[in-house]
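> Only the shape, not the letters, is given here:
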């Protein structure tokens, strides 16, 4: 449908009429059919006509408006003819339940229109309802409209991440309007940006309430919390964001400004708390703030597991002062004093973690527990891993080749006389050592040497000692009631945080960040975490039913289930349109059964229209 202006001249005077028309296919080709006259006064400025028609079509198909209707649209509704023909019911054009009317159609003119991907949206919406996110948002003071906008933005991050500017286009080309039963034609990027600002002050409240609901829904364990950090880089200069700074980039983008994201998850991988820090913050300085965020959410005498970047004595003391136990990997330098124990063949216990179907790599390790003095903490666990030994050796070998290559190039510059000032030579040596600290400690670099050139020699004893420690690491914990196997098994759960970061950065597309304002950056990351709640709930449900797969795989398998409009012309000049979901194929049907959600994402919407013969 569209609005057309017609002009008729009578006795030299022009008379204008505005018509609501639609294009129809006849035996004589396409024709325009007048639906009704809107009078001589335009219903709205010409640039608003397409939007008004989209709203009218949505209203006819039974979709509820997400925003209050405009005065122009309300006026247009007064002219809308009753196109529906019996036996269509008065409820949004749907046939009454159990109606079995037989309709003759012209099979040569049957067509299918407006195909929209429904499977991933259907699953995301059902888990949004299952987690009770609307109740959480309502408890935080948000209206029904704000709840729907939050769901729209979260489902976009879960299914097909876009910028706020591009989201409305994705809304229009997905089955969201059909499944949610709302009109999305008037949702634009300005509304989405404003909603980011409304969400910003409520992030912590929403996160805490949602985590509590998940604990009850999935019977989650509240005794172990895993904390780690990552970085997310920006596109642009970010002059309006004080948190955007250059620092150690885990994305390997030192050329870009970044923020540091801290995330706490439980032993199942469900998010408990997150925080956005300045891009140049070091790991150890963030721990106190995250412990405050956990607050009373943690279970009694819970254990906080952190990596070696937060293993300083001050951090461990801070964990204990907050009432938590700690479990941490000690810094590499601390292993040296236990070299004799690492080389000792006796007293070790062989362990092997059973691989999951999604991660077939086995973790074979040997552990040796060293209790604290008088049976008190900290308890030390010495660990040696076969896979880690190969990885450590490969990393060191690669770094050593690059380190020596850089020294050789610097030596050539000094020998050729292109670099003469000793201060500048020392600066160049310092930069190389800073770039490869893992191997630089084995080499003594001298410039100038006896010949006035650059030279170096390796400390073989120190290098050999490091080689002997390949694949070994030292765990430290205040828990005195655990076995070596239990300590080791709890520590390797840190991979759950790493998996969360991978999911947020890849399928949920947290990075790169294009927002320039600090509050919107923080809310963008919050929406990624909110989408990760849905992702974890979906994957957890699958795991509990013995299906070990990722959301990315599920999303691809569900994409074949669509919602379409069937157009069925009848011999009497009318056309029956049916908006409904396709019959799901075997794979989506299986997934719906495993996830415990209905196969039908929407009720069929049936309408009649009259064609010109």
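Yes, it's here. Note that this is a predicted model, so its numbers are computed, not measured.
> what kind of secondary structure is residue 381 in?
Classification of residue 381 by DSSP: H, G, I helix; E, B strand; the rest coil places it in strand.
> Could you measure from it over to residue 9?
Distance of residue 381 to residue 9, given as CB to CB, to the nearest Å: 95 Å. Bear in mind the C-beta positions are built from the backbone N, C-alpha and C, glycine included.
> With neighbour numbers in mind, choose between these two.
The residue with more neighbours, out of residue 381 and residue 9, is residue 381; 25 against 8, by other CB atoms under 10 Å.
> Mind listing the residues bridging to that one?
Under DSSP bridges, the beta-bridge partners of residue 381 are residue 369, residue 475.
> pLDDT on stretch 23-35, on average?
Averaged across stretch 23-35, pLDDT comes to 74.
> brain fart, stretch 541-549
Average pLDDT, stretch 541-549: 93.
> what about residue 473, how many neighbours?
Neighbourhood size, residue 473 [other CB under 10 Å]: 22.
> after the helix or strand containing it comes which helix or strand?
In the assignment (DSSP states H and E), residue 473 maps to strand 472-477. Toward the C-terminus, strand 472-477 is succeeded by helix 484-491 as the next helix or strand (DSSP H and E).
> what does that following helix contact?
Identification of contacts with helix 484-491 by CB atoms under 8 Å, 6 or more residues apart in numbering yields 224, 267, 303, 305, 327, 329, 349, 351, 353, 365, 367-369, 379, 381, 383, 475, 477, 479, 482.
> what angle sits between that helix and strand 472-477?
90 degrees (axes from the mean of the first three to the mean of the last three CA atoms, to 10 degrees).
> Tell me which residues of helix 484-491 come out buried.
Of all the residues in helix 484-491, those buried under the rule 16 or more other CB atoms under 10 Å are 484, 487-491.
> go on, stretch 385-398?
For stretch 385-398, a neighbour-count test (16+ other CB under 10 Å) marks 385, 388, 392, 396 as buried.
> Restricted to helices, list the residues you listed.
In this view, these that belong to helices under DSSP state H are 388, 392, 396.
> hmm, what's the outermost residue in the protein?
residue 11 (66.8 Å; CA atoms, centre = their mean).
> Let me see the confidence value for residue 93.
Taking residue 93 on its own, its pLDDT is 41.
> same check, this time on the one 4 residues further on
Looking at residue 97, its pLDDT stands at 46.
> tell me the phi and psi of residue 549?
When read as degrees, to the nearest 10, the backbone of residue 549 gives phi -150, psi 170.
> wait, doesn't it sit right on residue 538?
No. Judged on CB atoms under 8 Å, residue 549 makes no contact with residue 538 at a distance of 10.0 Å.
> So if I had to pick from the two, which one is more boxed in?
residue 538 (23 against 16).
> Give the buried residues for whichever strand or helix holds that one.
Residue 538 is part of helix 518-544 when elements are defined by DSSP H and E. Across helix 518-544, burial judged by 16+ other CB under 10 Å covers 518, 520-542.
> Okay, strands next: where are they in the stretch 301-450 of the chain?
Taking DSSP state E, counting those that start in this stretch to define them, one finds strands in the stretch 301-450 of the chain at 303-306, 325-329, 349-353, 363-370, 379-385, 443-446.
> Give me the angle between the host helix or strand of residue 233 and strand 325-329.
Using DSSP H and E, residue 233 sits in strand 224-233. If you take the same axes, to 10 degrees, strand 224-233 sits at 50 degrees to strand 325-329.
> Okay, and the beta partners of the residue nearest to residue 293 when sequence neighbours are not counted?
Leaving aside its chain neighbours, residue 293 sits nearest to residue 273 (4.2 Å; criterion: CB to CB, 6 or more residues apart in numbering). Taking DSSP bridges as the rule, residue 273 bridges to residue 264.
> do the same with residue 117
Per DSSP bridges, the residues bridged to residue 117 are residue 174, residue 562.
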